[in-house]
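Asks: Build me a structure from this.
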Amino acid sequence: MWRKSNSKSGGELKIMQEIEKAASGYQITEKVDKEIAGYTYFHEIAGSADKKGRWDFVKIWCDPRFVLIIASDFLSWVALYVPYVHLVERARISDFRTQGISENTSAWLSPAIGFGGLLGRPLVGFSADFFKIHPFWAYATVQMLCGIGTILSPFWSSIEGLFVFAVYYGFLSNGYGFIRASAAKILGPVNYVDAFSWMLMFEGIGVLLGPAVGGAIYDVTQSYDWTFRFAGACLIFSAAICLLKAPIARRTKKSQIVSTSSSECGGTC
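Replies: Okay, here's the model as predicted:
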């Protein structure tokens, strides 16, 4: 009786060991499959990057979609820092004319822009994501609204109007996040590395030129009204350029289809 029960427990133990081996083998196989899949994806991305030549980063300028993106981004950065640099001085100069804005009060305009940005950046980004708006069209909308408010800001010359404009501008001055996400979606992950490098260079040039050009406009006109109209026009124009995306995308897709069909015909005909 004891031997029978002992042999039975030994058989069950053997079965349990076989089940554990099978389960561990399945887990190892599943882990290896996942690692192989991840390696394959990484190898494809790395391989496509390794195939790029030394001067391929210049060839991206042959893509009209990239030219569209970088032109709009450059104009955006030309205008972006004009209110940051010149709004306080504009308020101080109005103190010596008719508005009566003191220097202590006008100094709070820059923090008001920052406060608007603190509220606007998460809210605008969340809204675009919640309503599933493509970042390129979210960028165009934000730029257009910000440009219209900036070009009309000379009519907001009272102390209340200047603070409202400061918060309004800060709330909408976050389009550069959308344009970078747009470049990644439109150009793809491989071309995005080169595109982002060019974008950073032209953004730096725009930051350098914008406030300087705004100051030169004031020197010529002796009024900051045209400085802010210049900044607003740059923002509106950067948004208007985005309307060319649809025809450029159709043209690019058509040219890719033609080149693919011609290469296939060259290999088979």
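
Asks: So what's the residue count around residue 159?
Replies: 18 (other CB atoms under 10 Å). Every C-beta, even on glycine, is put in place using the N, C-alpha and C of the backbone.

Asks: any idea of the pLDDT on it?
Replies: As summarised for this prediction, residue 159 has a pLDDT of 86.

Asks: Identify the residue nearest it in space, chain neighbours excluded?
Replies: Take residue 159 and drop its neighbours on the chain: the residue closest to it by CB to CB, 6 or more residues apart in numbering is residue 101, 5.2 Å away.

Asks: give the contact list for the residue most central in space within the chain.
Replies: Nearest to the geometric centre of the chain sits residue 180, at 2.4 Å (CA atoms, centre = their mean). Residue 180 sits next to 196, 199 when contact means CB atoms under 8 Å, 6 or more residues apart in numbering.

Asks: quick one: the helices in the chain?
Replies: Listed in chain order, the helices of the chain (DSSP state H) span 2-50, 56-59, 64-80, 82-95, 103-106, 109-130, 135-151, 159-172, 175-187, 189-221, 225-241, 245-268.

Asks: residues touching the residue nearest to residue 159, list them.
Replies: Neighbour list for residue 101: 91, 92, 94, 95, 159, 162 [criterion: CB under 8 Å, 6+ apart].

Asks: again with residue 177
Replies: Remark: with contacts taken as CB under 8 Å, 6+ apart, residue 177 is in contact with 121, 125.

Asks: In the chain, where is pLDDT below threshold?
Replies: By pLDDT under 70, the weakly predicted segments of the chain are 1-54, 95-100, 251-269.

Asks: Which residue ranges make up the domains of it?
Replies: What automatic domain parsing lists as the domains of the chain is 1-51, 56-255.

Asks: what's the most buried one of those?
Replies: Per residue and on average, the most neighbours among those fall to domain 56-255, with a mean of 18 (mean count of other CB atoms under 10 Å).

Asks: quick one: that domain to chain centroid distance?
Replies: For domain 56-255, the gap between its own C-alpha mean and the chain's C-alpha mean amounts to 12 Å (CA atoms, centre = their mean, to the nearest Å).

Asks: how close does the residue nearest to residue 159 sit to residue 87?
Replies: 11 Å (CB to CB, to the nearest Å).

Asks: shared neighbours, these two?
Replies: Common contacts of residue 101 and residue 87 (CB under 8 Å, 6+ apart): residue 162.
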